[in-house]
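**Q** Show me the folded form of this:
(2 chains)
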Protein chains: 2
Amino acid sequence: MNKEKEFINIINKILNKDLKKDFVVGIGDDAAILTSNGNNKMVICSDTIVEDIHFKLDYFSFEDIGWKSIAINSSDLAAMGAVPNYFTVSIGLPSHINKNNFEQLIIGMKKCCDSYGGFIVGGDIVKSDKLFISISAVGSLHQKKFLTRDSAKPGDKVAVTGNLGDSLGGLNLLLDNKKGGRLINSHLKPQPKIIESKKLIESGVKCCMDISDGLHNDLLNLCESSKVSIEINIEDLPVSKELKSEFSDRFIDIAINGGEDYELLFTFDESKIKLPFNYFVIGSVVNKNENNVLYKNKGKIIKPKLNTWSHFEQN
Amino acid sequence: MNKEKEFINIINKILNKDLKKDFVVGIGDDAAILTSNGNNKMVICSDTIVEDIHFKLDYFSFEDIGWKSIAINSSDLAAMGAVPNYFTVSIGLPSHINKNNFEQLIIGMKKCCDSYGGFIVGGDIVKSDKLFISISAVGSLHQKKFLTRDSAKPGDKVAVTGNLGDSLGGLNLLLDNKKGGRLINSHLKPQPKIIESKKLIESGVKCCMDISDGLHNDLLNLCESSKVSIEINIEDLPVSKELKSEFSDRFIDIAINGGEDYELLFTFDESKIKLPFNYFVIGSVVNKNENNVLYKNKGKIIKPKLNTWSHFEQN
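**A** Residues are numbered from 1 along each chain as shown, chains lettered A, B, ... in the order given. Okay, the predicted model is just below:
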């Protein structure tokens, strides 16, 4: 078990006594769903980015940092089938950040709100050695239905909303001092899948999460929550031509292990549900061998290079 | 203007276009009030504490840090007349913090929730060089009434719920390697004034804020928001016998400038409103000289030593 999960277990052990009837979905999913005011369900999540852990000022503009801080929270809401309503923003500011930097940071946040919904309603600014942005998002559900990571059923297809690995590919290019292009843009400016989330809900899909820790890690998270195993056909993984061309020897490893894709990972019964957008079926839910992810290449079991990478375990 | 206010002005400039009909109270008060779901008003705020800026691990136990992180957010809600419902908790964890430290941190948060209301419903853990805890709180109003800092009226009495300066006194003792006692406990374990807040609302009081930046700074904030001036009678400031005895030469300066009191500061028409708890009238709202705080000692104007202390400007 990694250190982050051990800490989350401590939280659950101490706080689980609190789980009451007004929790529809509690700690452990992308966001919590609460039955505030009777039938109107409120969805709450929070996500933080820290300088030199999640981004470096060498290659991130302040506007991109602001955008990404909101986008990753909107992605957590999309993972639950919710739309963003309100954000609170806590900013830890080092003394070297000037007014112009700060203005660009807030402009980036505002642009993401304007693109994907929600308003910044409050927050606080504190002094800090490193820049950090901690955001809490409050969202609401379409038609009172929601998506969770614990509802995958054997026989379901496993699918994703878009290309995998572009963000990690982009990070590798940035660390190599390259600039511009689709991969780098994927890393700097992720697009939360708010529209696809709405269509999943409307189509009757139940099981979904966003891919923030990399496909493999998030498949493991989904298997653990749903108590299933998953088989992935690696020839079906959607990979951009840019990732293939930049990393021709290892694009599959990057697609499997790459973090911060912010695509949606979902499962559904393809014989019953028709989805009104382009998606990519990458495998199936099976019930043998609980909590296991098996990779196949043209029907043959393979063992890809797995990197249980996590921001939390680095350095 | 201090740097924190300049940054808040940047936020307001960029985000104010967003202020829509669903904001009852927007950015700039202790918390935002939103008309989610029609009549049911939701109150949201966030507050962050950072190691070596707001606390040091030398003299804070992890349980006290956890308690304080929740308490200061509950105090922001109390300042608006709201009670805590839900908290999200983002924790920046340095690698030296072990499982036992972390468990104590969460126990402290849980104890404060158990004492003053609300449940922790989610959050995230990220790696960080320094420990930080960023909390967002969602609360609800009693009887749909609320308190703001912009509603002080000339003729109102200015009052506080309890002793001033104990927390800064306690911090000074801690920095001097002392342990235990009322002053130190005030600094380590502030008690949010949830009960007094409810009684203020029930009694018809409109103008309130919590004292987090010190009496003088928060009087200036209240004057600025309400566009009034205030006269304070320093002989009426409530000061504990412990503060007087430990700091006999400067307890008034500490009471005026000390941060993190987390008492409520409120104004009201004493001829019309009777309050069902012990409070301390410390002065009056006047309308001459906008945004000014005047101090008197037995009727004579005095100029106390003013320290426009702020966590943000330190170091």
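
**Q** ok, the nearest residue to A:G283 once chain neighbours are set aside - contacts?
**A** Leaving out its chain neighbours, the residue that sits closest to A:G283 by Cβ to Cβ, 6 or more residues apart in numbering or on different chains is A:I232, at 3.9 Å. Using the backbone N, CA and C atoms, a C-beta is placed for each residue, glycine as well. Residues touching A:I232, when contacts are defined by Cβ atoms under 8 Å, 6 or more residues apart in numbering or on different chains, comprise A:158, A:219, A:282-283, A:293-296.

**Q** Buried ones from the residues you listed, can you make that a ChimeraX selection?
**A** If you want just the buried ones from the contacts of A:I232 in ChimeraX, going by 16 or more other Cβ atoms under 10 Å in any protein chain shown, the selection is:
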select /A:158,219,282,283,293,295
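
**Q** can you tell me the distance between the two ends of stretch A:229-245?
**A** One end of stretch A:229-245 to the other measures 32 Å (Cα to Cα, to the nearest Å).

**Q** SS state for the residue nearest to A:G283?
**A** Three states are possible here, and by DSSP: H, G, I helix; E, B strand; the rest coil the one that applies to A:I232 is strand.

**Q** Show me the beta-bridge partners of it.
**A** Beta-bridge pairing for A:I232 (DSSP bridges): A:G283, A:Y295.

**Q** quick one: the helices in the stretch 1-150 of chain A?
**A** Listed from the start of the chain, the stretch 1-150 of chain A has helices (DSSP state H, counting those that start in this stretch) covering A:3-15, A:62-80, A:99-116.

**Q** Out of these, which is the most enclosed?
**A** Of all the helices of the stretch 1-150 of chain A, helix A:62-80 has the most neighbours on average by mean count of other Cβ atoms under 10 Å in any protein chain shown, namely a mean of 27.

**Q** That one and chain B in contact?
**A** No - looking at helix A:62-80 against chain B by Cβ under 8 Å from any Cβ of the partner chain, there are no contacts, and the closest approach is 9.1 Å.

**Q** gap between that helix and the chain center?
**A** Mean C-alpha position of helix A:62-80 versus that of the full chain (Cα atoms, centre = their mean, to the nearest Å) differs by 9 Å.

**Q** Could you export it as CSV, CA atoms only?
**A** Provided in CSV are the C-alpha atoms of helix A:62-80 (Å, rounded to 0.1, in the frame of the first residue of the first chain):
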residue,chain,number,x,y,z
PHE,A,62,0.7,31.9,-14.3
GLU,A,63,-2.4,31.9,-16.5
ASP,A,64,-1.9,28.1,-17.1
ILE,A,65,-1.5,27.4,-13.4
GLY,A,66,-4.7,29.3,-12.7
TRP,A,67,-6.5,27.4,-15.5
LYS,A,68,-5.3,24.0,-14.4
SER,A,69,-6.1,24.6,-10.7
ILE,A,70,-9.8,25.1,-11.6
ALA,A,71,-9.8,22.4,-14.4
ILE,A,72,-8.7,19.6,-12.2
ASN,A,73,-11.5,20.3,-9.7
SER,A,74,-14.1,20.6,-12.5
SER,A,75,-12.8,17.2,-13.7
ASP,A,76,-13.5,15.7,-10.3
LEU,A,77,-17.0,17.0,-10.5
ALA,A,78,-17.4,15.7,-14.1
ALA,A,79,-16.2,12.3,-12.8
MET,A,80,-19.3,12.3,-10.6
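
**Q** other SSEs contacting it?
**A** strand A:42-50, strand A:82-93, helix A:99-116, strand A:132-141, helix A:182-188, helix A:194-203, strand A:207-210 (3 or more Cβ pairs under 8 Å, 6 or more residues apart in numbering or on different chains; DSSP states H and E).

**Q** Of all those, which one is nearest A:I125?
**A** strand A:82-93 (5.0 Å; Cβ to Cβ).

**Q** Sheet partners, orientation included, of that closest one?
**A** Based on DSSP bridges, the pairing partners of strand A:82-93 within the sheet are strand A:119-127 (parallel), strand A:132-141 (antiparallel).

**Q** Go through the shortest one and flag the buried ones.
**A** Under the neighbour-count criterion of 16+ other Cβ under 10 Å, strand A:119-127 has A:119-127 buried.

**Q** any idea how chain A splits into domains?
**A** Structural domains of chain A, as assigned by automatic domain parsing, span the residue ranges A:3-141, A:157-305.

**Q** Return the residues of the stretch 151-300 of chain A in contact with chain B.
**A** The interface of the stretch 151-300 of chain A toward chain B, taken as Cβ under 8 Å from any Cβ, is empty, with no residues included.

**Q** Which single residue of the stretch 151-300 of chain A ends up nearest chain B?
**A** In the stretch 151-300 of chain A, the residue that lies nearest chain B is A:S212 (10.1 Å; Cβ to the nearest Cβ).

**Q** dump the residue contacts of A:N233.
**A** When contacts are counted by Cβ under 8 Å, 6+ apart, A:N233 touches A:282-283, A:296-298.

**Q** repeat for A:E242
**A** Counting by Cβ under 8 Å, 6+ apart, A:E242 makes contact with A:166, A:169, A:181-183.

**Q** nearest to B:F266, of the residues you listed?
**A** A:D166 (54.0 Å).
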